[in-house]
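Enquirer: starting from these lines, generate the structure:
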Amino acid sequence: MGSSGPRPGPAPLLLLLVLLGAERPGATELTFELPDSAEQCFHEAVESGVKFSLDFQVITGGHYDVDCYVKDPLGNTIYRGTKKQYDSFTHRAEATGVYQFCFSNEFSTFSHKTVYFDFQVGDEPPILPDMGNKVTALTQMESACVTIHEALKTVIDSQTHYRLREAQDRARAEDLNSRVSYWSVGETVTLFVVSVSQVLLLRSFFTEKRPTHGAVHS
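Expert: Numbering: from 1, shown residues only. Below is the predicted model of the structure:
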């Protein structure tokens, strides 16, 4: 029997498992309803020197805008956005403590909003062990893992973007459908009233009015 060729070692499989299991920095994604004339706040503990970022977008409601602000543990406002449809904010914490970020719809008196946000804390860890301290050139397998990891991140970001766009477009389509339905019902009622009025008017033109003569008795 001929000897089989050398089997691939466990290194490629190990690198692939490490790539798939690479953790993202502490992240929180949430979609929530923000009623009219209301404010919703969230809190996150962050260590000094740690970078965090906030991305948000209004999906449905009104003019698709919302007020947003971020405060540090000392109560200082480090970010404020007024009537924003979407925005991004990145900051490196200067003090350890609980950071507060709030979304306000107090300027709206009748339309509630649906808001999506992504709050990430910390830098992304290296994909492979000891990559952060490695000063030599990456091997071909390591370079391929880094390329695949960056491509996967791009795919995830694109999926999130298209998912939000789909939800926003669906909400607009449903709102347009409701307006068209109400307009159609109004037109139907108007045509019915006009038709009945015309029929009654035409009947009044062709109705013969017979004078009544009172009988005279001597």
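Enquirer: please make it C-alpha for all contacts and neighbour counts, starting now.
Expert: Will do.
Enquirer: I'd like the mean pLDDT over stretch 122-134, please.
Expert: Over the span of stretch 122-134, the pLDDT mean works out to 63.
Enquirer: go through the protein and flag its longest helix.
Expert: Counting residues, the longest helix in the chain under DSSP state H turns out to be helix 140-206.
Enquirer: tell me how far that one lies from the chain's centre.
Expert: On the basis of C-alpha atoms, centre = their mean, to the nearest Å, helix 140-206 is displaced by 16 Å from the centre of the chain it belongs to.
Enquirer: one more: stretch 69-76?
Expert: Using C-alpha atoms, centre = their mean, the mean C-alpha position of stretch 69-76 is found 24 Å from that of the whole chain.
Enquirer: what does it contact?
Expert: The set of residues that contact stretch 69-76 without belonging to it, under C-alpha atoms under 8 Å, 6 or more residues apart in numbering, is 77-81, 95-103.
Enquirer: show me what the longest helix of the chain is packed up against.
Expert: The criterion is 3 or more C-alpha pairs under 8 Å, 6 or more residues apart in numbering; DSSP states H and E, and the helices and strands that helix 140-206 contacts are helix 11-20, strand 51-60.
Enquirer: quick check: angle from it to strand 51-60?
Expert: Helix 140-206 and strand 51-60 are oriented at 20 degrees to each other (axes from the mean of the first three to the mean of the last three C-alpha atoms, to 10 degrees).
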